[in-house]
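Colleague: What would the 3D arrangement of this be:
(2 chains)
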Amino acid sequence: DQQVKQNSPSLSVQEGRISILNCDYTNSMFDYFLWYKKYPAEGPTFLISISSIKDKNEDGRFTVFLNKSAKHLSLHIVPSQPGDSAVYFCAASIAGGTSYGKLTFGQGTILTVHP
Amino acid sequence: KAGVTQTPRYLIKTRGQQVTLSCSPISGHRSVSWYQQTPGQGLQFLFEYFSETQRNKGNFPGRFSGRQFSNSRSEMNVSTLELGDSALYLCASSLNQFVGYTFGSGTRLTVV
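Modeller: Numbering: from 1, shown residues only, chains lettered A, B, ... in the order given. Below you'll find the model as predicted:
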């Protein structure tokens, strides 16, 4: 049962354009969402997060949008740079309770930004 | 400040052996989580420790165990290794979940 899904295995974008990575989830208990970037042979690097009480969060070139009714979130990168080329993972968690430390990850989307 | 440190970076073990992996979290971080990454299953949660107590556990067999020491360093152990245990094992530490988890570079375990 895959509770967090990234349906696009890969995305190719031209430098300077917008990259939009999508993520869907099925568990309505999730209330905190994170995006990570991962290069080969390295651990995931935290990018940006959003709580379910918000619908948008910005940090520099990165913006995450959350649509709770659709159980959908997206990461926008503007403008895209070649150094952004990596695998992007969406992750979800349940604050508190007994779900300590547990992030449920999507399968990842490979972003390639062409110069 | 220093990041999350995992040792060793690479390991090759034989089926049936056991292995211990180590994780040193960022100074001040008391929560340490472990994940397994494989091409087929992606990133899967193993367990989480806080102040030497396991607070949460994922759906892995009992061959996978862990512990945390008083300095927050953590180890995970896999006994009776199987070929399917070949994976990248990642450790992450956090001050609290709302500031995100910082991951180490992982230990690449190959079981032959």
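
Colleague: need the contact list for A:Asn67.
Modeller: With contact set as CB atoms under 8 Å, 6 or more residues apart in numbering or on different chains, A:Asn67 has these partners: A:Asp55, A:Leu73. The C-beta positions use only the backbone N, C-alpha and C, and glycine is treated the same way.

Colleague: again, but for B:Phe50
Modeller: A:Tyr100, A:Gly101, B:Arg30, B:Ser31, B:Val32, B:Gln68.

Colleague: Model confidence for it, exactly?
Modeller: Per-residue confidence for B:Phe50 comes out at a pLDDT of 91.

Colleague: Quickly list what it is bridged to.
Modeller: On the basis of DSSP bridges, B:Phe50 is bridged to B:Ser31, B:Thr53.

Colleague: mind listing the strands in chain A by residue range?
Modeller: Secondary structure of chain A, counting by DSSP state E: strands at A:4-5, A:10-14, A:19-25, A:32-38, A:45-51, A:56-59, A:62-67, A:72-77, A:86-93, A:104-105, A:109-114.

Colleague: same thing with chain B?
Modeller: For chain B, applying DSSP E gives strands covering B:5-7, B:10-13, B:19-24, B:31-38, B:42-50, B:53-57, B:64-68, B:74-78, B:87-94, B:102-103, B:107-111.

Colleague: Next, format the strands of chain A as JSON lines and append mean pLDDT.
Modeller: Formatted as JSON lines, these follow (pLDDT from 0 to 100):
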{"stretch": "strand A:4-5", "mean pLDDT": "96"}
{"stretch": "strand A:10-14", "mean pLDDT": "98"}
{"stretch": "strand A:19-25", "mean pLDDT": "98"}
{"stretch": "strand A:32-38", "mean pLDDT": "95"}
{"stretch": "strand A:45-51", "mean pLDDT": "93"}
{"stretch": "strand A:56-59", "mean pLDDT": "97"}
{"stretch": "strand A:62-67", "mean pLDDT": "98"}
{"stretch": "strand A:72-77", "mean pLDDT": "98"}
{"stretch": "strand A:86-93", "mean pLDDT": "96"}
{"stretch": "strand A:104-105", "mean pLDDT": "94"}
{"stretch": "strand A:109-114", "mean pLDDT": "98"}
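
Colleague: how about those strands, which one is nearest B:Pro25?
Modeller: Nearest of the strands of chain A to B:Pro25, taken as CB to CB: strand A:45-51 at 14.3 Å.

Colleague: Check the contacts of B:Phe50 for burial and list the buried ones.
Modeller: Buried residues within those, counting neighbours by 16 or more other CB atoms under 10 Å in any protein chain shown: A:Tyr100, A:Gly101, B:Ser31, B:Val32, B:Gln68.

Colleague: Quick check: the fourth one vs B:Leu88, distance?
Modeller: For B:Val32, the distance to B:Leu88 under the criterion CB to CB, to the nearest Å works out to 17 Å.

Colleague: Also A:Thr26?
Modeller: 26 Å.

Colleague: Neighbour count for these two, which is higher?
Modeller: Per other CB atoms under 10 Å in any protein chain shown, whichever of A:Thr26 and B:Leu88 has more neighbours is B:Leu88, with 17 against 12.

Colleague: got the contact list for the more buried one?
Modeller: Counting by CB under 8 Å, 6+ apart, B:Leu88 makes contact with B:Gln36, B:Gln37, B:Thr38, B:Gly106, B:Thr107, B:Arg108, B:Leu109.

Colleague: what do you get if the cut-off is 10 Å, keeping everything else the same?
Modeller: By CB atoms under 10 Å, 6 or more residues apart in numbering or on different chains, the contact set of B:Leu88 is A:41, A:43, B:35-39, B:43, B:105-109.
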